Each structure stands twice: as C-alpha cells, then as structure tokens.
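A.B. asks: Here's my sequence, what's the structure:
(4 chains)
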There are 2 protein chains.
Amino acid sequence: MQNVIQHNNLSQPVYDRLKKMIQKGELAPGQKLVQERLATALGVSRTPLLKALQMLEHEMIVESIPRRGMYVREISLQEMIDVYDCREAIESTAVKLVIERATDTELSKLKEIFEPFAKTQHIHAGKYRKADEKFHDMIVELSKNPVLQKMSSVSDIYKLVYQYGLIRPPEETMIEHALIIKAILNRDLESADRALRNHISLSRQKLAQRQQDKSSLV
Amino acid sequence: MQNVIQHNNLSQPVYDRLKKMIQKGELAPGQKLVQERLATALGVSRTPLLKALQMLEHEMIVESIPRRGMYVREISLQEMIDVYDCREAIESTAVKLVIERATDTELSKLKEIFEPFAKTQHIHAGKYRKADEKFHDMIVELSKNPVLQKMSSVSDIYKLVYQYGLIRPPEETMIEHALIIKAILNRDLESADRALRNHISLSRQKLAQRQQDKSSLV
DNA sequence: AATTCTATTTTTGAATACAAAATACATTAT
DNA sequence: ATAATGTATTTTGTATTCAAAAATAGAATT
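C.D. replies: Numbers count the residues shown, from 1 in each chain, chains lettered A, B, ... in the order given. This is a model prediction of the structure:
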C-alpha cells in the first residue's frame, strides 16, 4: 500500500484519458462506469475520477443517474440533429466575432488547415476529419469570446457524429470550407455567415434524412 | 458528533443555495470561498459542496484557481457584452425551434408572462425583471432542444447584469417583448428572429456604450 | 520602518472510511 | 418451473483523514 498523496491536478489527465477512450469507443455508449474499478484501472482514487466524470457530464459525454451510477451517453440521431442546430448557433456567432477581432495572421492559420488536402488527389478520411474538427475549433477560438468558448464545449459532442458513419464526402465539404475561409479572409460577414450556415445546415439535413428513413421503416 | 451520512443528493440544494446567495450578493464577486468554512455553514461536508461548486464553475459563476481556491467570479463589462452575443446565438436558435416545435398551448404561456404589466401603469422593477428572465428561460425551454438548454445554462450569467444597474427602462423592452411574442404566436420565423435579435442587440449596444464611456474617461 | 527569512497555521487535492441504497443471489413459497 | 422473499455483496454518496502547498505571522536583518 503506497501512502503517497498526489496534489497536482490528477483529474485533468484522467479527464483527457476518459474522453479519448470514449471517442475511440474503448468505453462504449451505454456502458456503466463503475467508479472504484475505473479509478483503480487509471491508477487514481475515486475523488479525482469523479471530478473528471463531472466535467464529462457537463459536456454531455457521460450521464449520471442518481444512485445508479455513471454511464457513457448514447447520442441518438435526433440529439445529433439538435447538436447541429447548436453548432450553427455557436459558429455563426463565432464567425461574426472572428471577422471583428482576429488579426490577419490569425486568419491565415485558418487557411493553412486544409492546404495539405488541396494538393493531394486522394483525401485521407481520418486526417481530413481531424482537420475539419480543428477548423471548427479554431473558429471558436479566434472569436476570443470566453463564454462562447465554454458553451461550445457542450456541443463538442458533434465530434461523435462519426458513430453514424460518414455524413458527407470530403470532396463536398471541402468546397464549402473553402468558401467559408475565403469569406472570412475578405472579412465579408454576410457571405461568411451564409456559407457557414449552409455548410452546417446541409449536414444537419443529411442526418434528418436518415432519421426520416429510419422512422419510415416502421 | 453525529455519525449520520446522508445519501440523497446534498449537492443539489447546496448548489441552489449558493447560486441564490451569489445572485443576492451575499457572496460578493471576488470573494474567496473557503471550503471547510462554507461547508460547515451549509451543514454539509466538503464533498457535496465541491460538487455544487463545480456546477457553478461550469456556469462561470465561480472560478477555481488551482491550489488557491474557489472564488466568486467578477463579471466584467466586456464579458457581459460577450454574454449578450451568446444569448443572441442561443435564443435566436431557440426561437426557430419554438416556432417549429411548440404547441399553441405552450405558446400561450409565453404571452401570459407579461400580461400583469400590460394593465398596470407603474411597472414594479423587481417583478418585471423576474418576468423578463422567465420569458427568456421559457423560450429556451420550449425549444425542446436539450443540448441548447444545457448550453444556455452557461450564458445564464446574463442574469447578473443587474450588477451594472438598469440597462434599459422596462417601458422600452416591454414593447420589444410584445413584438417578439406576437411574431412567435404567428409562427413568423423571420419577424421573430429579427425582433429577438434587435431586442438583445440593443441591450448589448447599451453595455458597449458604457464600456466606451468608461475607457474614454482614462 | 521596510524587507527577507523562518516557523506555524490554514487550506487544498487526493485517498480512504463508512452507511445506505441498489444489485445479485439463494432460498422458499406458490 | 416461476414468483416472491430474504440475505449477502457491490456500489454509490457523503464524511473524514492525510500530506503537500499556500498563506500568515513573527523574528531577524537591513
């Protein structure tokens, strides 16, 4: 029995690890997270684990059922559609602020994200998804609105949409990304807003279509 | 020393009490919240208190400075302006969904909120503020989008704007509320969106004006 | 009088202990 | 065999303990 108490923020690394494990599916949706067992597996006590789980709960990645336990949340298709409405709200506002507040140097970083894909013929799906996430993250970051950033973390679960497979081919979204970036670089708010809303809205519509298909099966 | 352990969600009532205490200013912005002392005062141990504080941290009402402690957050004028941008994002999306999803019965409840003030000549400031908050809460609630609702809780700190005094006279906002409600009842998305954005935007501009005034004093 | 250093106290973050609720399991009754 | 009941085990929510870091107070020095 080791009698050493750590004092340096154990919950943060635990949070990071859990989040990755859930994103990778190592902890499956619906799965119960037994605290003592999980804590031992991660080499900490229940205290920092619980703090990490609470953070994930705020992001709607896990859910706590009182006196029952913590579970990895299952994100339904309907909820994912709701998430896309949230992303449109967040990012549309973010884009407005980016155009107001970001420097040209900062804007150029947005552009760089998709440059590797412009050259190549075949787009690596995994790398493109990462770039896509980075693009949307950066828009929120460059908004320089801390409250918006915090709110954004709640709808970050959109990143779990891959559970429903590929929503739209990269070739399609690539063009839309280019349009958004171009408008932002020109600091053309109206075009940027329109392009961004269109981009998110199209994906949401794809999800809604699947929802339709599913319910019409019954 | 009582040897009784409660098992029924102590953190929720603690959260409620703390939130009210902060809203009333009983716990002042900037004030340090010493855990042991506060826990004793509330009749619980540090464990449920800490959980409550984490919830408040997520809503940006308190902040944790690692290894230093928990503090009641001071919300600057600039941040409040940022909050209003967030509210516009949230509520604009909410209104869209309300028009899509809410029943006529539900919409009628929106209307009822301000009815007491239509009759009276003099508007009771405190009661009007409560009604105002209820109105905005209800829009988010009737959106029936759980993710949006969760996000909304983060920018709920707009309710602390009264710390900066009265932003606009009730007579002014009353008219705007009426316009928003009318458009929602008609399920006229375009008008509702325009009215709502105008309403929030005007308040934000007032705050921005104060920010200007303040910085030009220097 | 101001500043630096040191000893003491306080407070935080983590680990552990503990009681009640939830679950699993076996036994009995139907 | 299935349902119902009682018992043992597990797990949660809270309380407590503990060690390290931070804050404080006091002494020593400039």
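
A.B. asks: Check the secondary structure at A:E63 for me.
C.D. replies: Using DSSP: H, G, I helix; E, B strand; the rest coil, the structure places A:E63 in strand.

A.B. asks: ok, how many other residues are close to it?
C.D. replies: A:E63 has 14 neighbouring residues, counting by other CB atoms under 10 Å in any protein chain shown. (Each C-beta comes from the backbone N, C-alpha and C, glycine too.)

A.B. asks: The one 3 residues further on too?
C.D. replies: A:P66 is surrounded by 9 other residues when neighbours are defined as other CB under 10 Å.

A.B. asks: before we move on, what about A:I184?
C.D. replies: Residues within reach of A:I184, counting by other CB under 10 Å, total 23.

A.B. asks: what helix or strand does it sit in?
C.D. replies: According to DSSP states H and E, A:I184 maps onto helix A:170-185.

A.B. asks: what's that helix packed up against?
C.D. replies: With contacts defined as 3 or more CB pairs under 8 Å, 6 or more residues apart in numbering or on different chains; DSSP states H and E, helix A:170-185 has these neighbours: helix A:77-101, helix A:104-112, helix A:125-142, helix A:189-216.

A.B. asks: in the longest one, what counts as buried?
C.D. replies: Right, helix A:189-216. A:192-193, A:195-197, A:199-200, A:203-204, A:206-208, A:210 (16 or more other CB atoms under 10 Å in any protein chain shown).

A.B. asks: thinking again about what came up before, between the helices and strands packed on helix A:170-185, which one is closest to B:L77.
C.D. replies: With CB to CB as the criterion, B:L77 lies closest to helix A:77-101 of the helices and strands packed on helix A:170-185, at 16.5 Å.

A.B. asks: Tell me what A:K32 is bridged to.
C.D. replies: A:Y71 (DSSP bridges).

A.B. asks: Was I right to think it contacts A:S64?
C.D. replies: No - in this structure, A:K32 is not within contact of A:S64 by CB atoms under 8 Å, at 11.1 Å.

A.B. asks: how close does the residue nearest the centre of chain A get to DNA strand C?
C.D. replies: The residue lying closest to the centre of chain A (CA atoms, centre = their mean) is A:D156, at 3.1 Å. In this structure, A:D156 and DNA strand C are 23 Å apart, going by CB to the nearest atom of the strand, to the nearest Å.

A.B. asks: which bits of chain A sit near DNA strand D?
C.D. replies: By CB under 7 Å from any atom of the strand, the residues of chain A that approach DNA strand D are A:3-5, A:7, A:32-37, A:46-47, A:50, A:64, A:66-70.

A.B. asks: at 10 Å instead, please
C.D. replies: Within chain A, the positions near DNA strand D by CB under 10 Å from any atom of the strand are A:3-8, A:32-39, A:45-47, A:49-50, A:53-54, A:64-71.

A.B. asks: just to revisit the earlier point, and the buried residues of helix A:189-216, which is closest to B:E59?
C.D. replies: Of all the buried residues of helix A:189-216, B:E59 sits closest to A:I200, with 25.7 Å by CB to CB.
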